[in-house]
Each structure stands twice: as structure tokens, then as C-alpha cells.
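In: My questions are about this predicted structure, shown below with the sequence.
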Amino acid sequence: MTKIDLITGILGSGKTTFLRRYAKDLLQQGKRIAILENDFGAVNIDIAMLQDLKSENCQLGMITGGGDPDCHKRRFKTQLISLGMQHFDRIIIEPSGIFDMDEFFDTLHETPLDQWFEIGSILTIVDAEMPEVLSEQMEYLLATEAACCGKLILSKWNPEGQETKEALVSRILSHINRALSGVQCSRQFQESDLLVRVWDTLTIEDFQALQSVGYRNYSYVKQFHTDNMESEVHYFMHLRFPEEKIRELIQTILSDTDCGKIYRVKGTLPANDGTWWKVNATTEKIEMTSVKDGQAVWIVIGDHVSREKIDAHLLPYNTDPEYVSI
């Protein structure tokens, strides 16, 4: 039977970045794999970040539901049937940050999928910079997407940061366990459940171990459904701002309540010298790092996000005539 791995994590946690590394390791092992970007929303941008993996041994697929849960589930099953008939060694699924875990388990237990597939590893990405207080719905998603995982994987860890590794682990586990208690899940994570490594240092042996961590059977009380989630992500593309205005614009978006409750602004922007500014911003801090390559796009994550209000802040300073927001 073909094993299916699921990589979960709330919006902006770093799922796609980890998936690239995970998939590259499988390809280096000579495996024939498929990657399925399973997004509940009407648009999926993450698949564009994976195009360079596409090859004879790596097929990319995408399923979007257009906001209709029933339609999304039917399309999800149809894609899996198609993949099942192609006899891949392994399939990796990356769902949206807004995802009902029951859909994954229920779909794989339907005929004929239950004869072709078995669950491999469920890996949950957790952001080291995750705010201590999330919205009620984001806390719910954090708990439900982690509840059944075989391993928690920390993203964006900086070993040279001010917070010690011990303090970070304690803080992250305390937060997740608190969220699990909030959905009446009996699972409580221990330090051994959390992989804390700089991703560039992960070895072949590390990835092979992750391929066999499996998953756990834990129940929880369902509090929200995907069709009434307030958390969302919007994309603002073809951007070029005066460099001296970038921080000001980010701060304006983060602080303007008419834009919604914004958790993060991230992306890259062209710099004057031909390089790029990598942006990662929260209400706590704004980071801008010079990088060689990029794409002129900002990703805004939050609750009740008003694309129109953000447009109004960006348009007066954007000099790229092809600007678009979705």
C-alpha cells in the first residue's frame, strides 16, 4: 500500500518550506512521489514554491474547494483516486492552515482508498515565534492539527536568539498542551515529541526517522467548522515600494484594526540594488533581511482580514502597474 504523509500546521507556520526539504530527501532516496497541495480556499499559491521539484519522479497536484466543504471533500477524494492508480512510493499532502482533520481520516477510510493507501507520518509544524495568545479559532486549529501527529517539528528556531532552548521548548509545549486541554483532548506533549533543530542541519537519518513516526489516535471536541472560520490568508503581488516606506507600511497594516486582526506579514520585496528584502513581521517585531532572490509578494495572515483596506494603504506607494491582491 502507498503511504500518505500529512504535514499540518496553522497559517504561516512554515509547512511548505519543510515540505520542500522532506520531498527532496525522498527524491534523493530514489523514491517516486506525489505532492498534493490540499487548500480549502479558492486559491493556492504555495504550489508555485514547489515547481522546481516537478520531475519524472515528482508529480505536483492541487485541490481547491472554492469555500464549499462538500465540494472540497469530493475533489480531494477524486485526486487521491487518480494518484492511487499511478502507484507512487509515497504521497505527501499539505493542507491549508485551516483544515478539518476528520476529512483526512474519513476520506482515507472510504472505498477504494482504504485498499490503496495507509497513513505514513503526520508531522505538525510549530512556529518558534508563535504568539503566546492566539484567537480562539487559531488555538483550536493549533490543537486539532497537532492532536494526532507523530512528531512536532519546530520552525524558525534561532539557536543564537535571546531565549534559551530549554525556555523555548517549555513555552511551546505549554502553549500546545493548553490548547489541547481547551478542546478536551487528553494528549499532552513531552519534550521527546518535539524536534528542535535548525532545518539546514537535518540529515538523511533524521528524515528517514520522520518517515516512520506514524500518528496517534486522540479524540477532541469539535468547536468550529472550516466553512465558518474567521482566520484567513491574502496575497498581495507585484509590489515595489520606496525602501524608506516599507517598515512604515507594515506597521500601518499591523496597527490598523480596519485591516483586521493581523498576525503576520511576510514575503519579499525588490531592493534598489537588485537584491531583495525578505520581510517577516508581527505586532511584536518587524524583521527585514537582505537576500539574493525573491518574488514581489506579501502574504498577510489574520482574522477578518480586509483586503480592500490593505489595498488602500499599499496602492498610493506601489509603483508596479501589475499589482494584484487576492
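Out: Ah, there it is.
In: shaky segments in the stretch 1-150 of the chain?
Out: Low-confidence segments of the stretch 1-150 of the chain, defined by pLDDT under 70, are located at 39-49, 64-69, 97-98.
In: Tell me which stretches of it form helices.
Out: Ranges of helices in the stretch 1-150 of the chain, per DSSP state H, counting those that start in this stretch, are 15-28, 69-84, 101-108, 113-116, 136-146.
In: Let me have these in a markdown table, extended by mean neighbour count and distance to Ser255.
Out: Glycine gets a C-beta too; all of them are placed from N, C-alpha and C. A markdown table is the format used below for those (neighbours: other C-beta atoms under 10 Å; distance: least, C-beta to C-beta, whole Å):
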| stretch | mean neighbour count | distance to Ser255 |
| --- | --- | --- |
| helix 15-28 | 18 | 28 |
| helix 69-84 | 16 | 34 |
| helix 101-108 | 16 | 34 |
| helix 113-116 | 13 | 47 |
| helix 136-146 | 23 | 19 |
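In: Go ahead and confirm Arg216 touches Ala146.
Out: No: Arg216 is beyond contact range of Ala146, at 10.0 Å (criterion: C-beta atoms under 8 Å).
In: circling back: can the helices of the stretch 1-150 of the chain go into a markdown table with extra columns for distance to Lys54?
Out: Shown next, in a markdown table, are the helices of the stretch 1-150 of the chain (distance: least, C-beta to C-beta, whole Å):
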| stretch | distance to Lys54 |
| --- | --- |
| helix 15-28 | 11 |
| helix 69-84 | 15 |
| helix 101-108 | 24 |
| helix 113-116 | 23 |
| helix 136-146 | 27 |
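In: Select, out of the ones you listed, the one closest to Val198.
Out: Judged by C-beta to C-beta, the one of the helices of the stretch 1-150 of the chain that comes nearest to Val198 is helix 15-28, at 11.5 Å.
In: Show me how far the closest one is from its chain's centre.
Out: 13 Å (C-alpha atoms, centre = their mean, to the nearest Å).
In: Quick one: low-confidence residue ranges for the stretch 151-300 of the chain.
Out: Scanning the stretch 151-300 of the chain for pLDDT under 70 picks out 226-231.
In: just the strands in it please.
Out: For the stretch 151-300 of the chain, strands defined by DSSP state E, counting those that start in this stretch occupy the ranges 151-155, 194-195, 231-237, 261-270, 276-281, 286-291, 297-303.
In: Take the ones you listed and write them to TSV, including distance to Ser13 and mean neighbour count.
Out: Listed next are the strands of the stretch 151-300 of the chain as TSV, based on distance: least, C-beta to C-beta, whole Å; neighbours: other C-beta atoms under 10 Å:
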stretch	distance to Ser13	mean neighbour count
strand 151-155	6	20
strand 194-195	14	18
strand 231-237	12	20
strand 261-270	10	20
strand 276-281	13	19
strand 286-291	16	12
strand 297-303	10	21
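In: re the thing from before, so which of the helices of the stretch 1-150 of the chain is nearest Tyr323?
Out: Judged by C-beta to C-beta, the one of those that comes nearest to Tyr323 is helix 15-28, at 23.4 Å.
In: burial measure for Glu248, as a count.
Out: As a burial measure, Glu248 scores 13 neighbours (other C-beta atoms under 10 Å).
In: any idea how far it lies from Arg240?
Out: 15 Å (C-beta to C-beta, to the nearest Å).
In: same deal with Gly12?
Out: Counting by C-beta to C-beta - Gly12 and Arg240 are separated by 23 Å.
In: what's the answer for Ile204, then?
Out: In terms of C-beta to C-beta, Ile204 sits 41 Å off from Arg240.
In: Thank you kindly, that will do.
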